[in-house]
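# Sequence and computational prediction follow.
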Amino acid sequence: MNLTAEALFNVNGIVAIVTGGGTGIGLMIAKALAANGARRVYIVGRRKEVLEAAANATFPESIVPLPGDVTSLESLCEMAERVKTEVGYVNLLVANAGVMGPRPLKASPGQSPPTLSEFCAHALATPMDVFTDTYSVNTTAVYYSALAFLELLDAGNTVGNMGADWKSQVIATSSIGGFSRLKGASFAYNSSKAATTHLMKMMATSLVPYKIRCNVLAPGIFPTDLTGSFMNNIGPSHTGTFDPSLIPAERAGSEPDIAGATLFLASKAGAYCNGSVIVVDGGRLGTLTSTY
């Protein structure tokens, strides 16, 4: 039995879909898969030019733009049909697209908390559909993305180089926010990520008869569009370091951090994982009041 890292952690020959793959963590994941042997990695997003720029700047021979809207069932089915026509199967779907959603009013450092009236007025100024839209992208789209590609994932169980013990898989990018009770965080974002984590656990159970696995990545703070303002507030931008009381690793996550976790789940190394949650946060969740 070959126990080398090269044998355990490669993803040779797989076909993958990464939603929200044009920027941030999604692009990090796509690059990790392409760099380690994936045959084709489709990156999904609404902005075609962003997808094309990402592919051209990284692995244009294996990363393929797939423009579409994960909140539209019609668009998801169209994307699945294109992949079916071009390749005929999928081994891995990474449901990664996400939005932050509205934030509550909170006090600045050293100031008293807002009055109840101020807190309510700020929250009620956000229309209900804006709150619900956070769930549409972060949770509902994960479910329907999986549904749209299930038959291609089923086909992927009979095609590929990963071996009989490796089964097709859906990985959802959730967040440590789904476990955190941090004051001032987005109620919409955190609760939608908690819902996504539980959704994937339910799907892992429901898809057992079809031999399709479901797992979760729960990242902490990585340099993305979603976390930019947060990083600027608590991490000195000139050094990139964080107080260990905020992040014990004293830094934000990086490409190798998310790449390693992704390759573990996506490769033979993680073939025995189903319904698992991998937290990649430098220890931050342990510093928070949380439900993990």
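Cool, the structure landed. Numbers count the residues shown, from 1 in each chain.

# Okay, buried residues for stretch 35-49 please.
In terms of neighbour count (16 or more other C-beta atoms under 10 Å), stretch 35-49 has its buried residues at 36-46. (C-beta placed from N, C-alpha, C; glycine too.)

# shaky segments in the stretch 151-292 of the chain?
Within the stretch 151-292 of the chain, the stretches with pLDDT under 70 are 160, 226-239.

# 80 instead, please
By pLDDT under 80, the weakly predicted segments of the stretch 151-292 of the chain are 160-162, 224-240, 292.

# so where do the strands sit in the stretch 151-292 of the chain?
Under the criterion DSSP state E, counting those that start in this stretch, strands of the stretch 151-292 of the chain are mapped to 169-173, 213-219, 277-280.

# closest one to Ala5 among the ones you listed?
strand 277-280 (17.6 Å; C-beta to C-beta).

# Show residues contacting that closest one.
Taking C-beta atoms under 8 Å, 6 or more residues apart in numbering as the criterion, the residues outside strand 277-280 that touch it are 174, 176, 197, 215-220, 253, 257-258, 261, 264-265, 285, 292.

# hey, C-alpha coordinates of that strand in CSV?
Extracted in CSV, the C-alpha atoms of strand 277-280 (Å, rounded to 0.1, in the frame of the first residue of the first chain):
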residue,chain,number,x,y,z
VAL,A,277,-16.8,19.3,9.3
ILE,A,278,-13.2,20.4,8.9
VAL,A,279,-12.5,23.7,10.8
VAL,A,280,-9.7,25.7,9.3
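
# Given it, what are its sheet partners and their directions?
Sheet pairing here is set by DSSP bridges, and for strand 277-280 it gives strand 213-219 (parallel).

# what's the offset of the partner strand from the middle of its chain?
Taking C-alpha atoms, centre = their mean, to the nearest Å, one finds strand 213-219 lying 8 Å from the centre of the chain it belongs to.

# what's next to that strand, contact-wise?
Taking C-beta under 8 Å, 6+ apart as the criterion, the residues outside strand 213-219 that touch it are 25, 146, 167-176, 178-179, 193, 196-197, 200-201, 203-204, 207, 253, 258, 261-262, 265, 270, 273-281.

# Where is the longest helix in the chain?
Longest among the helix segments of the chain by residue count, using DSSP state H, is helix 187-206.
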